[in-house]
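Chemist: Model the structure of this input:
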Amino acid sequence: MMKFNEHLKQLRKDKGLSQNDLANTFGYKSFTTIQKWEDGTAMPPMRTLQAIADYFDISVDELINGRDVVKIPILGTVRGGPSQLAQEDYLGYELVHSSEVSGGEYFYLQVVGDSMIKARIYPKDLIYVKRQNHVEEGEIAVVLVGDEATVKRIYYGQNSLILHPENEAYEDRRYSQDEIDQLPVQIVGKVIHVKIRL
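Modeler: Sure thing, here's the model as predicted:
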């Protein structure tokens, strides 16, 4: 059975289109995004999949035809700036390659706020998160501070946890062991990738 990337390439060629033609059709500045879709290293966001399917006059199921993909829920929003209550609202789903799901629980969150823009995490982007309660030094994580959720780079001090923004307009937030226990401060998951929303 033909995989999504192979199917897309075939559909494009059947219409006599170049990768540049397809990029222009869907509002991308260069053909590299199409190239990644066709070589299997990236998957379009769900709304783009629907637009591609509509363009070729087929269903999304026909488009992904046998592509080894998994539906991942978009659970709500998370602040990329000052923390805010994590809204566990179901916002739909996105598709990821099955190779990006290796045991455990995964979900997407939509970013609001601008404190992580130097890590190329912008408002409205979707972050793909693996649920886990610990990350390595310097990794980006979703963290609950009391009932509020935020996304930050994580550093560990002596008996403390440091939430580091990727924007000079914001300062590090450091929590002592007592604060970690009492608030509490909990790492919810590790950010695996970012799906850019144009």
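Chemist: going forward, measure contacts and count neighbours with C-alpha atoms only.
Modeler: Will do.
Chemist: Quick check: nearest residue in space to residue 6, chain neighbours excluded?
Modeler: In space, and not counting its chain neighbours, residue 6 is closest to residue 38: 6.4 Å by Cα to Cα, 6 or more residues apart in numbering.
Chemist: Assign a three-state SS to the one you found, would you?
Modeler: helix (DSSP: H, G, I helix; E, B strand; the rest coil).
Chemist: does it really touch residue 8, like I thought?
Modeler: Yes - counting by Cα atoms under 8 Å, residue 38 touches residue 8, with 6.7 Å between them.
Chemist: Surely residue 62 is in a helix?
Modeler: Yes - counting by three-state DSSP, residue 62 is part of a helix.
Chemist: gap between it and residue 163?
Modeler: Look at residue 62 and residue 163: by Cα to Cα, to the nearest Å, they are 44 Å apart.
Chemist: Would you mind telling me which of those two has the busier surroundings?
Modeler: residue 163 (21 against 13; other Cα atoms under 10 Å).
Chemist: what's the spacing between the residue nearest to residue 6 and residue 175?
Modeler: According to Cα to Cα, residue 38 and residue 175 sit 45 Å apart.
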